[in-house]
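Engineer: kindly generate the corresponding structure for this input.
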Amino acid sequence: MSGPAASPRAAARRGPLVGALLGWLALLAAAAVPAPARALDDPAGRMQVTSLANGLTVLTLEDRTTPVVSLQIWVRVGSRDEARYTGVAHLFEHMMFKGSRNVAPEEHARLIEARGGRVNAFTSNDVTVYHEDVTPETLPLAIELEAERFANLDISEKTLASEREVVLEERRLRSEDNPEGRLFEALLALAFTAHPYRWPVIGWRSDVEAVDVAYLREFFRTYYAPNNLVVAVVGNFDTADAVRRIERAFGGLEPAPTIPRNPTQEPEQRGERRAEVRFDVRSPIVAVAWHAPKSGDPDGPALDVLGQILSGGRSSRLYQRLVYAEQQALAAQGGYWELQDAGLFFAYASVRPGSPLARAEASLLDEVERLRREPVGEAELAKAKKQLEVALVGGLTTTHALAGRIAGDFVTFGRVRGIEERLAALRAVGAEDVRRVAERYLRPEGRNVVSLVSPAGEPAQPAAGSPAKPAAGKPGRAGSKR
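Structural biologist: Numbering: from 1, shown residues only. Below is the predicted model:
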């Protein structure tokens, strides 16, 4: 497989640890059959797990031949854990860079970047993650800096006032003034009526404006405790030395006596729901979502294949029909979105100006119904599976990606799934499996439809056979990143 050369920064994060993965990726791309015979040497099989006395978990995976180390700290807290004010988990993602007792605001990032490293963070519905890619000699500093902010973060009125304004501006740009942001806030709020996945990771504006320092300090003591953290170190380092440094730096942190979790479960949906969002756009958007199983469900691989066939790229059925053949849409995308407590299967289309929104929706739903009725062809199935295999292996060819993989799996499942295990599950998906999951999950009575149209336009009309009365919905958002 040919392509553009890797950037020096990306190449520097690779070593023989991922050499087998790169070789496997080339085999997948070139193979004429879906299952290459050569077994994959999965580097995650050499991962070591260390548990400190205060409950902190350390995952280490050495590769002494690569010139970098990836350090990631996964905090088991996301927007689903917010009980009173929404957006608090994401607000801390920002505040963690604004200084602590012994480190000035932004100094953490400056110290890492001055040594050629990279540092950032992201927040999702389920977790908050702080990550750094550094040279081996900078790893001790990175560990100390991380421990400092987890132990002594500045949670003050001054810091809150500053970061509150930053987050509100981010919310304005990504959600309130962004048509897709508005659309997906509405879609999540419509699909989830009870579970906290219904509110946006970035939070509702009123909550971000109202949260106070006392609440933030209690939230930090509870969820940023060591027994709620997973630290992953992957790359060029000595395991024994790194674990000693992490234990010395983090070992004094006090564990939380209890870590509360929101117990709310989403009730079964018993009828189609509809909402309309008015926004100043030239290209209306229609989005549809159905409830799907949580991460790790046995139906997950079949749903991934279904998503690839229906809406995965320009060769997908939705793109070929709506964008190319009928020229109703400018874009069409979707797929299976899995989270720790639940999942969604979604699809959406950006409709060409002047093209009827109802017609685009009808075409989208017709493609869904085809998949519920008719098994896909062998060639289409094989292509989708190979694309997913290449994406799975190709996404794990850096120390940063490997650190994210082992920590993400450990946080979600309590173990790291082997690549061979995941590839075997994907390869086992047959045409009838794709039809079966489409029939089971993409039911007409289980769909949630949101139309985003211009205030000057005509109200969106439901597709033929759908209820005429729309359901009211609030905005929601799928995720946020610093």
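
Engineer: pLDDT weak spots in this structure?
Structural biologist: For the chain, the stretches flagged by pLDDT under 70 are 1-39, 457-482.

Engineer: tell me the centre residue of it?
Structural biologist: Among the residues of the chain, the one closest to the centroid is residue 124, at 6.4 Å (C-alpha atoms, centre = their mean).

Engineer: quick check: that one vs residue 337, distance?
Structural biologist: From residue 124 over to residue 337 the distance is 11 Å, taken as C-beta to C-beta, to the nearest Å. (Glycine included, C-beta is placed from N, CA and C.)

Engineer: still on that earlier bit, could you pull up phi and psi at the residue nearest to the centre of the chain?
Structural biologist: Dihedral pair for residue 124: phi -130, psi -170, per degrees, to the nearest 10.

Engineer: I figured it hits residue 202, correct?
Structural biologist: No - in this structure residue 124 lies outside contact range of residue 202 using C-beta atoms under 8 Å: 11.1 Å.

Engineer: which residues in the stretch 151-300 of the chain form helices?
Structural biologist: Applying DSSP state H, counting those that start in this stretch to the stretch 151-300 of the chain gives helices spanning 157-171, 179-191, 205-210, 213-223, 239-250, 300-311.

Engineer: those helices into TSV, with extra columns for distance to residue 81 and mean neighbour count?
Structural biologist: Listed next are these as TSV, based on distance: least, C-beta to C-beta, whole Å; neighbours: other C-beta atoms under 10 Å:
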stretch	distance to residue 81	mean neighbour count
helix 157-171	17	16
helix 179-191	16	24
helix 205-210	14	16
helix 213-223	7	16
helix 239-250	21	16
helix 300-311	23	25
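
Engineer: could these go into a markdown table alongside distance to residue 274?
Structural biologist: As requested, these are arranged in a markdown table below (distance: least, C-beta to C-beta, whole Å):
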| stretch | distance to residue 274 |
| --- | --- |
| helix 157-171 | 25 |
| helix 179-191 | 8 |
| helix 205-210 | 25 |
| helix 213-223 | 36 |
| helix 239-250 | 49 |
| helix 300-311 | 20 |
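
Engineer: would you mind saying which of these lies nearest residue 136?
Structural biologist: Distance to residue 136, taken as C-beta to C-beta, is lowest for helix 239-250 among the helices of the stretch 151-300 of the chain, at 9.9 Å.

Engineer: distance between that closest one and the chain's centre?
Structural biologist: With C-alpha atoms, centre = their mean, to the nearest Å as the basis, helix 239-250 stands 29 Å off its chain's centre.

Engineer: count the neighbours of residue 43 for me.
Structural biologist: By other C-beta atoms under 10 Å, the residues close to residue 43 number 24.

Engineer: hang on, it packs against residue 65?
Structural biologist: No - the criterion here is C-beta under 8 Å, and residue 43 misses it with residue 65 at 11.8 Å.

Engineer: circling back to that earlier point, tell me how far the residue nearest to the centre of the chain lies from residue 74.
Structural biologist: When distance is defined by C-beta to C-beta, residue 124 is 10 Å away from residue 74.

Engineer: over to residue 432?
Structural biologist: Residue 432 sits at a distance of 37 Å from residue 74 (criterion: C-beta to C-beta).

Engineer: higher neighbour count, the two?
Structural biologist: A direct count of neighbours by other C-beta under 10 Å for residue 432 and residue 74 places residue 74 higher, at 26 against 11.

Engineer: what are the phi and psi angles of the more buried one?
Structural biologist: According to degrees, to the nearest 10, residue 74 has phi -100, psi 120.

Engineer: Provide the partner residues of it in its beta bridges.
Structural biologist: Taking DSSP bridges, one obtains residue 129, residue 230 as the residues bridged to residue 74.

Engineer: show me the contacts for it.
Structural biologist: Going by C-beta atoms under 8 Å, 6 or more residues apart in numbering, residue 74 touches 127-129, 229-232, 407-408, 411.

Engineer: okay, now the domains of the chain?
Structural biologist: Annotated domains of the chain cover 44-250, 273-475 [automatic domain parsing].

Engineer: make JSON lines from those and add distance to residue 264 to it.
Structural biologist: Formatted as JSON lines, those follow (distance: least, C-beta to C-beta, whole Å):
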{"stretch": "domain 44-250", "distance to residue 264": "5"}
{"stretch": "domain 273-475", "distance to residue 264": "9"}
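
Engineer: nearest to residue 258, of those?
Structural biologist: Closest approach to residue 258 among the domains of the chain is made by domain 44-250 (8.0 Å; C-beta to C-beta).

Engineer: quick one: buried residues of the helix or strand hosting residue 359?
Structural biologist: In the assignment (DSSP states H and E), residue 359 maps to helix 357-373. Buried residues in helix 357-373, defined by neighbour count with 16 or more other C-beta atoms under 10 Å: 357-358, 360-365, 367-368, 371-372.

Engineer: what's the answer for stretch 42-59, then?
Structural biologist: Across stretch 42-59, burial judged by 16+ other C-beta under 10 Å covers 42-44, 47, 50, 52, 54-59.

Engineer: inside strands: which ones of those residues?
Structural biologist: Mapping the buried residues of stretch 42-59 onto strands (DSSP state E) picks out 50, 57-59.
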